[in-house]
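> The following comprises the amino acid sequence and a computationally predicted model.
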Amino acid sequence: MCLLVTAVAEDRVWAEAVKVVVTEGRAVMGEDMTLAQTRALALGDARRRAVEQSSGVMIRGVSVVYDARLIGDVITALTRGLIVGEEILEEGLKREGEAPVYICRLKARVQVLDPGRERFMTSLRAEIAGPDGPLSSSRAVFRDGEEMVIRIRGDKSFYPHIFSVDQDGRVAELLPHPLVRWDLVPAGREVLFPTEDLRKAGFRLRVRAPAGLSRAYETIVVIATKEAVPILDRIGREATITDLMGALASRDHYGWVETLIGYEVRR
């Protein structure tokens, strides 16, 4: 992946600050956890450790935690570093004493972000709910097939990008969308996606639990940008969280801000 280098000397230093690290993530498989959930937890732990090791800063705070079992720690990399490439060297379930433990060894390329540079927006808020339920910024629970709406507001004018990330790291781009008009959101104005007009026209977001699972843990990622340029290119294959982070790594870090919401889907 080629990282963009600007004409500003300080930005060049940070654009080139890519470190390669090898880390190990671990997760104990609980009685009510599936193998997929345990693997996602171990992979998230390995990614979190990769960012911590590269940036020298312990991550505290923006990870997605639902019921203390599934942590979407890859999203925390957006605050201190970006995983722009990764390779799983070894993974599998092992028994340590009486507890089965999933272990994942990861080789990651991490772009360290400049912690002292201000970003263009200081407050970006997103909430999700069913169309008739109370909005929530955390711990939302949906039934399989239930409809979701997303409300967004920022303290500066911005273009909204919305992604859904499943517990295995697959990414679906919800906005921009070829069937939806994509406009600049004025500072301080709340916008709903989908709008009531879109919902009446049949454009609706419905959550689905993966086949064979009674519950799943997913994440909505909202990114605000200063410019009306899509983040992910259509590359003819399924996008992953690493694709998203790599795309963000090629952008001016000052020009985008993120927020995220974790939720659970139950059958």
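Happy to help now that I have it.

> List phi and psi for the residue of the chain positioned farthest from its centre.
In the chain, the residue that sits farthest from the middle, by Cα atoms, centre = their mean, is G97; the gap is 33.9 Å. Phi and psi for G97, reported as degrees, to the nearest 10, are phi 70, psi -130.

> Please report how far the nearest residue to S123 once chain neighbours are set aside lies from A224.
Spatial nearest neighbour of S123, excluding adjacent residues (Cβ to Cβ, 6 or more residues apart in numbering): D155 at 4.2 Å. Bear in mind the C-beta positions are built from the backbone N, C-alpha and C, glycine included. For D155, the distance to A224 (Cβ to Cβ, to the nearest Å) stands at 10 Å.

> Which helix or strand in the chain has the lowest average pLDDT?
In the chain, no helix or strand scores lower on mean pLDDT, DSSP states H and E than strand 65-66, which sits at a mean of 36.

> Check what pLDDT the residue lying closest to G169 once chain neighbours are set aside gets.
Counting by Cβ to Cβ, 6+ apart, I241 is the residue found nearest to G169 once chain neighbours are left out, at 4.4 Å. For I241, the model assigns a pLDDT of 71.

> The longest helix along the chain packs against which elements?
The helix that spans the most residues within the chain, counting by DSSP state H, is helix 35-55. If contacts are counted by 3 or more Cβ pairs under 8 Å, 6 or more residues apart in numbering; DSSP states H and E, helix 35-55 sits against strand 18-28, strand 70-71, helix 77-80, strand 81-96, strand 99-112.

> between the last one and strand 81-96, how big is the angle?
Relative orientation of strand 99-112 versus strand 81-96 (axes from the mean of the first three to the mean of the last three Cα atoms, to 10 degrees): 160 degrees.

> Kindly export strand 99-112 (C-alpha atoms) in CSV.
Extracted in CSV, the C-alpha atoms of strand 99-112 (Å, rounded to 0.1, in the frame of the first residue of the first chain):
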residue,chain,number,x,y,z
ALA,A,99,-10.1,-23.6,30.1
PRO,A,100,-10.0,-23.6,26.3
VAL,A,101,-8.1,-20.6,25.1
TYR,A,102,-8.0,-19.3,21.5
ILE,A,103,-4.6,-17.9,20.6
CYS,A,104,-3.8,-15.7,17.6
ARG,A,105,-0.3,-14.7,16.5
LEU,A,106,-0.5,-11.6,14.2
LYS,A,107,2.1,-9.8,12.1
ALA,A,108,0.8,-6.3,11.6
ARG,A,109,2.0,-3.1,9.8
VAL,A,110,0.9,-0.2,11.9
GLN,A,111,0.9,3.5,10.8
VAL,A,112,1.4,5.5,14.0
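
> what element comes up after it heading to the C-terminus?
The first helix or strand that comes after strand 99-112 along the chain, using DSSP states H and E, is strand 124-129.
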